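# predicted model follows, preceded by the sequence.
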Amino acid sequence: MGLGVVIFLVALALVFDFMNGFHDSANAIATVVSTRVMKPHTAVMMAAACNVAAVFVFQLHVAATVGKGTIEPAIIDHYVVFGALVGAIAWNILTWYYGIPSSSSHALIGGLIGAALIKAGPSALIAGGVLKTVAFILVSPLLGMVLGSLMMVAVSWLFRSSTPRRVDKWSRRLQLVSASAYALGHGGNDAQKTIGIIWMLLIAAGMSGDDPSSPPVWVIAACYGAIGLGTAFGGWRIIKLMGQKITHLRPVGGFCAQTGGAATLFMATALGIPVSTTHTITGAIVGVGATRKLSAVRWGIAGTIVWAWVLTIPCSALIAALFWYLGRFVL
């Protein structure tokens, strides 16, 4: 594997990381923008800063899962990494274009699975890591839903004697905290996925540095910087869908949804599980809406989003398999 190929693939991975931030920025700011607590550009800059600040908060457990716990290190080469990245990027572009909040994380995992399967068959997969990731397609939105709805019930009980105006005033202030916490969780979980795949590439190329048990510092800095930059540009097509079309949110609902979602992300990142920030906040928003009444949630739109979740891994895997094959002729 030549140095030029490694540089190209590292650059491609950082493009994916940028697109991850661009695609998923709506997750962190949709509720705070839709409830008019913050102006869009202010919210985006806040989220981008928190994405980068996450480097000081979380350990690299998710990076280790992606880099060493999803597919067998022995089968990794530049063709596998190329196929995985192109599969993930292509699916991100497609879903962004149509304004569908799909998962960049699962697109990357799907890409790795597709490229590994076509190269070496099912034995190339590490069952524990793959099953853990696939299980959290269901677990993370359900956990976000449960925590979001419990937060909403608890806040409603605590402020049962307060006037709506007082509740709104405090919710607006608290939503700044919850939005920041969610953006921290987004940066901490999602930037590490790209760290993991670059680390995987460097190990395969024999360029992992003096300490192969940890990714190089420049990889960590580049990945957190890229996702923060992507968030700063913002995925505006998805914000309205996340913030208002699933259910109408007031500031108190936005605070509860973001707090439930942030708690889920912090927990998953600590456990080293690469989850979808999109799935998590969507589940939390649905949970908050359902506490008012089930009809407050537009279940048809929620169902469309779920279909995108179901299709993400197989579609990105198919695209990755195709580009693994093509990569053998162009790299």
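Looks like it came in fine. Numbering: from 1, shown residues only.
# grab the nearest non-local neighbour of His106.
Residue nearest to His106 in three dimensions, not counting chain neighbours: Thr312, with 4.6 Å by C-beta to C-beta, 6 or more residues apart in numbering. In this view, the C-beta of every residue, glycine as well, is placed from N, C-alpha and C.
# measure the one you found to Gly114 for me?
To Gly114, Thr312 is 12 Å away according to C-beta to C-beta, to the nearest Å.
# with Leu131 instead?
Leu131 is 17 Å from Gly114, by C-beta to C-beta.
# just want to know which of those two has more residues nearby.
Using other C-beta atoms under 10 Å as the criterion, Leu131 and Gly114 rank with Gly114 on top: 27 against 11.
# element containing that one, please.
Element membership for Gly114, per DSSP states H and E: helix 104-120.
# next SSE downstream of that helix?
helix 127-158.
# for that following helix, buried residues please.
Within helix 127-158, the residues that count as buried by 16 or more other C-beta atoms under 10 Å are 129-130, 132-133, 136-137, 139-145, 147-149, 151-152, 155.
# Leu85 touches Ile197, doesn't it?
Yes - Leu85 lies in contact with Ile197 (C-beta atoms under 8 Å); the separation is 7.1 Å.
# which of the two has more neighbours?
Higher neighbour count among Leu85 and Ile197: Ile197, with 31 against 28, using other C-beta under 10 Å.
# may I ask which helix or strand encompasses the more buried one?
helix 164-204.
# counting by contacts, list what the next helix or strand after that helix packs against.
Next helix or strand after helix 164-204 toward the C-terminus (DSSP H and E): helix 217-233. Counting contacts by 3 or more C-beta pairs under 8 Å, 6 or more residues apart in numbering; DSSP states H and E, helix 217-233 packs against helix 3-34, helix 40-53, helix 164-204.
# starting at the chain centroid, how far to the helix or strand encompassing Ala84?
Remark: Ala84 resides in helix 78-97, with elements defined by DSSP H and E. Distance of helix 78-97 from its chain centroid, counting by C-alpha atoms, centre = their mean, to the nearest Å, is 15 Å.
# for Thr133, give me the pLDDT.
We have a pLDDT of 83 for Thr133.
# what of Val44?
So Val44 comes in at 81 (pLDDT).
# that one reaches Gly230, doesn't it?
No - using C-beta under 8 Å, Val44 makes no contact with Gly230, being 10.5 Å away.
# follow-up on the earlier one: so what's the residue nearest to His106 up against?
Trp91, Thr95, Ser102, Ser103, His106, Ala107, Gly110 (C-beta atoms under 8 Å, 6 or more residues apart in numbering).
# my guess is the fifth one meets Phe136, correct?
No - with contacts defined as C-beta under 8 Å, His106 does not count as touching Phe136, sitting 9.2 Å away.
# list residues touching both of these two?
Common contacts of His106 and Phe136 (C-beta under 8 Å, 6+ apart): Ser276.
# related to what we said a few turns ago, among the helices and strands packed on helix 217-233, which is nearest Trp307?
Among the helices and strands packed on helix 217-233, the nearest to Trp307 by C-beta to C-beta is helix 3-34 (17.6 Å).
# could you give the mean pLDDT of that closest one?
Averaged over helix 3-34, pLDDT sits at 83.
# how far does that helix sit from its chain's centre?
From the chain centre to the centre of helix 3-34 is a distance of 10 Å (C-alpha atoms, centre = their mean).
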